[in-house]
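Chemist: Model the following, please.
(chains A and B)
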There are 2 protein chains.
Amino acid sequence: MLQISQRGQQMPASPIRKLVPYAEQAKKKGTKVYHLNIGQPDIETPKAILDAVKNTPIKVLEYSHSAGNESYRKRLSAYYHSAGIEVSPEQIIITTGGSEAISFGFFSCFDAGDEVIIPEPFYANYTGFAVAANVVVKPVTSSIKEKFALPSIAEFEKLITPRTRAIIICNPNNPTGYLYSREEMEQLKELVIRHELFLFSDEAYREFCYEGEHFSAMNLKGAEQNVVLMDTISKRYSACGGRIGALVTRNQQVLDAVMKFAQARLSPPSFAQILGEAATYLPADYFDETKAEYLSRRNLLVEKLNRMEGVYCPTPGGAFYAIASLPIDDSDKFCQWLLESFSHQEETVMLAPATGFYQTPGLGKQEVRIAYVLNREDLSRAMDLLEIALKQYPGRTVQPK
Amino acid sequence: MLQISQRGQQMPASPIRKLVPYAEQAKKKGTKVYHLNIGQPDIETPKAILDAVKNTPIKVLEYSHSAGNESYRKRLSAYYHSAGIEVSPEQIIITTGGSEAISFGFFSCFDAGDEVIIPEPFYANYTGFAVAANVVVKPVTSSIKEKFALPSIAEFEKLITPRTRAIIICNPNNPTGYLYSREEMEQLKELVIRHELFLFSDEAYREFCYEGEHFSAMNLKGAEQNVVLMDTISKRYSACGGRIGALVTRNQQVLDAVMKFAQARLSPPSFAQILGEAATYLPADYFDETKAEYLSRRNLLVEKLNRMEGVYCPTPGGAFYAIASLPIDDSDKFCQWLLESFSHQEETVMLAPATGFYQTPGLGKQEVRIAYVLNREDLSRAMDLLEIALKQYPGRTVQPK
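Modeler: As a prediction, this is how the structure comes out:
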């Protein structure tokens, strides 16, 4: 019989996007929806970098080099230097978004049946790329009670088998906002060196750290061959639609393999490479303003959430996400109910059920992920709506006083 | 030991790009290189579609819909209608170049160990996507003596096993330029229906047909569930660097699976979607001029090649490639020699050895692929250089009179 593949069937639907039809219906009914469900910043893309695209003298929109334009890789090398990371342009391969960096990294380092360990909750799309590559994800659970700190190394070691090939982290973390400490990073280094594993580090939110400094996996001395950095300009410059990222590593074998996958797809998008290169010329204080904005939103969010009865939200150290535990029976039902059955003054709020970020069944049912990607006024209003909604929700577990 | 994956090792280097270092060295020595090795057209990208990007009012470069902008899919549906193909916007998923359409199609329809049959010589990157997906390619050989016509159905059937999942064609063909006849297409239809296989059809060069009409696999009555179209705007509008393509099918299961892979990578590039949408508004006669240009180049090329002693080039019916057999010992050696050791008046020519397009070892050693992507004057000069080079090449098999 003509049928699709097993992996096509096993491929998970996006947990962030699966509620979209309910949001569309709510909007059709005239309800305003505050979107806190997706990491799409409202911050304007810097005009200077959009202008670089507008002013390009391109006459023939040609393929670029498969590794990306050399001029851009040189500038990115300088960007990494300014971020305290020393890499040459030859150690950078430009990818179509961070997504393709993940995908190329997986194909280059893992075979079908290989295993990777990821602290959960984790960025849901890692699962998608793992299914595509027939790679098995073994989750190690981090807990909201521990503010999503790195699970103990002993917990990682329990999961290591002869098929284990890598540990994957996102730092600062999506969806928890947790910022790994230098000490935690050093523990991971010991682990990957001892067990000869790759350490894949997704640092998409590097610039958005509010408590302490970011410590890049690329700066783990002695793990130069183990570390593969997955990066993107999407969040950094509010340029999600550009689809430009990078895979960075000092491991020449990995670079050579990634380069072959890069050649097969010919080249990354040309327009967005121009945009990305222009971004490296933004003034040094560019991130200060954006970071201050996110910080003020984070403070507002965490304060409002923790004032609600039965709600707990640990203060995230970075990125622009927070996970909050709510007094509810089931976050999938609750998030759907918010769109389908709730409204207050013709407004509601869209959140992401945390279940989609945990792999272990049953976890995250009392938790939601909130992306603080709206301005303070809208964010404040959205939190007021959440508070009202929680009081009305039929599946509330702790009754309001 | 820390090592890369088997598929990372097995992944082939691009046969088109592997001679690049020799070309770079030739240029450093001051030699002008005529590039006929890669399908990068010299035709200018239409100004109107580049202007659409320049004039976009985007302030936040957001993620688009994972399937691509709805407005673009609607316009593409109209484009396909004008090309005689009836599909709804919901049957179109916008991809990052034709490359991603191939990749998503493979992941959605094939599992590790599944087999696909492809007439060789074939587009070399199919192998790359197959290696990534752990899919086995079984080549069925088409011959320059038969002008690269479709091999007999009996030859296909010899290769069919319980693991066979699809036949893959490129029409008109890269690298041969062969245009499949309606009769050949109907034979393929019978075959895929009888054996319950997918028919993947790469129609990147649809508009460039010089002998007879293009007959799309999408118009094979009764094979609606079997056919998956892989498409791209790269060659159509000389927009290779945009990285915009599409996967089109009427098979809802395939669409659902592809959509999940599309969601995992979030969205296709925004700028190039604007460009692609603008391209659907180009005047109806846009392709006439481009096609006339390619046709005149083709005629020049084929005439010049067939006038050379010991050279044979069947007249290609479409695309902008031709394969010629040359009186040489080894096309890889010859193409490298052209860059490394040959020059005439400080000029040389770069061709693609046909070996990289055959999977069967030993085939293509007397053949090269020529992309007629230079203007007539340059193309003519490049052919003169080839003629001179063939006379000087130490590995010449038929001595010139």
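
Chemist: what number of residues lie near the residue of the stretch 301-401 of chain A found nearest chain B?
Modeler: Nearest to chain B in the stretch 301-401 of chain A, going by CB to the nearest CB, is A:Val373, at a distance of 10.4 Å. From N, CA and C alone the C-beta is placed, and that goes for glycine too. By the measure other CB atoms under 10 Å in any protein chain shown, the count of residues near A:Val373 is 22.

Chemist: just checking, it is part of a helix?
Modeler: No: counting by DSSP: H, G, I helix; E, B strand; the rest coil, A:Val373 falls outside a helix, being coil.

Chemist: quick one: it and A:Asp42 touch, right?
Modeler: Yes: shown here, A:Val373 and A:Asp42 form a contact pair, counting by CB atoms under 8 Å, at 5.7 Å.

Chemist: so the closest residue to A:Ala67 other than its chain neighbours, which of the three states?
Modeler: Closest residue in space to A:Ala67, ignoring its immediate chain neighbours: A:Ile93 at 4.8 Å, by CB to CB, 6 or more residues apart in numbering or on different chains. What three-state DSSP gives for A:Ile93 is strand.

Chemist: shouldn't A:Ile168 be in contact with A:Tyr123?
Modeler: No: A:Ile168 is not in contact with A:Tyr123 according to CB under 8 Å; the separation is 9.0 Å.

Chemist: what sits against A:Leu339?
Modeler: By CB atoms under 8 Å, 6 or more residues apart in numbering or on different chains, the contact set of A:Leu339 is A:19, A:22-23, A:25-26, A:33, A:348, A:350.

Chemist: Can you give me the distance of A:Lys291 to A:Glu184?
Modeler: According to CB to CB, to the nearest Å, A:Lys291 and A:Glu184 sit 22 Å apart.

Chemist: Which of these two has more residues huddled nearby?
Modeler: More crowded of A:Lys291 and A:Glu184, by other CB under 10 Å: A:Glu184, with 18 against 15.

Chemist: Can you verify that one is assigned to a helix?
Modeler: Yes: counting by three-state DSSP, one finds A:Glu184 located in a helix.

Chemist: Tell me, how many residues neighbour the closest residue in space to it that isn't next to it in sequence?
Modeler: Nearest non-adjacent residue to A:Glu184, counting by CB to CB, 6+ apart: A:Leu150, 4.2 Å away. By other CB under 10 Å, the residues close to A:Leu150 number 22.

Chemist: swap in A:Arg7?
Modeler: Residue neighbour count, defined by other CB under 10 Å, stands at 25 for A:Arg7.

Chemist: With A:Arg307 instead?
Modeler: The local packing of A:Arg307 (other CB under 10 Å) involves 10 other residues.

Chemist: got a pLDDT number for it?
Modeler: Looking at A:Arg307, its pLDDT reads 98.

Chemist: what does the stretch 151-300 of chain A have sitting close to chain B?
Modeler: Residues of the stretch 151-300 of chain A lying close to chain B (CB under 8 Å from any CB of the partner chain) are A:196-198, A:225-226, A:238-243, A:251, A:253-254, A:257-258, A:260-261, A:263-272, A:275.

Chemist: ok, of the residues you listed, which come out buried?
Modeler: A:197-198, A:225-226, A:238-243, A:251, A:253-254, A:257-258, A:260-261, A:263-272, A:275 (16 or more other CB atoms under 10 Å in any protein chain shown).

Chemist: Could you tell me which of those are located in strands?
Modeler: Of those, the ones assigned to strands by DSSP state E are A:Phe198.

Chemist: before we move on, back to that, mind checking which of the contacts of A:Leu339 are buried?
Modeler: For the contacts of A:Leu339, buried by 16+ other CB under 10 Å: A:19, A:22-23, A:26, A:33, A:348, A:350.

Chemist: Just the closest of these to B:Ser325, please.
Modeler: For the buried ones among the contacts of A:Leu339, the residue nearest B:Ser325 by CB to CB is A:Leu19; the value is 59.0 Å.

Chemist: Show me the shaky parts of chain A.
Modeler: Counting by pLDDT under 70, chain A shows low-confidence ranges at A:400-401.

Chemist: For chain A, which segments count as helices?
Modeler: A:6-10, A:20-28, A:47-54, A:70-82, A:97-109, A:125-132, A:153-159, A:182-194, A:252-264, A:270-279, A:286-307, A:331-340, A:376-392 (DSSP state H).

Chemist: Many thanks, we can stop here.
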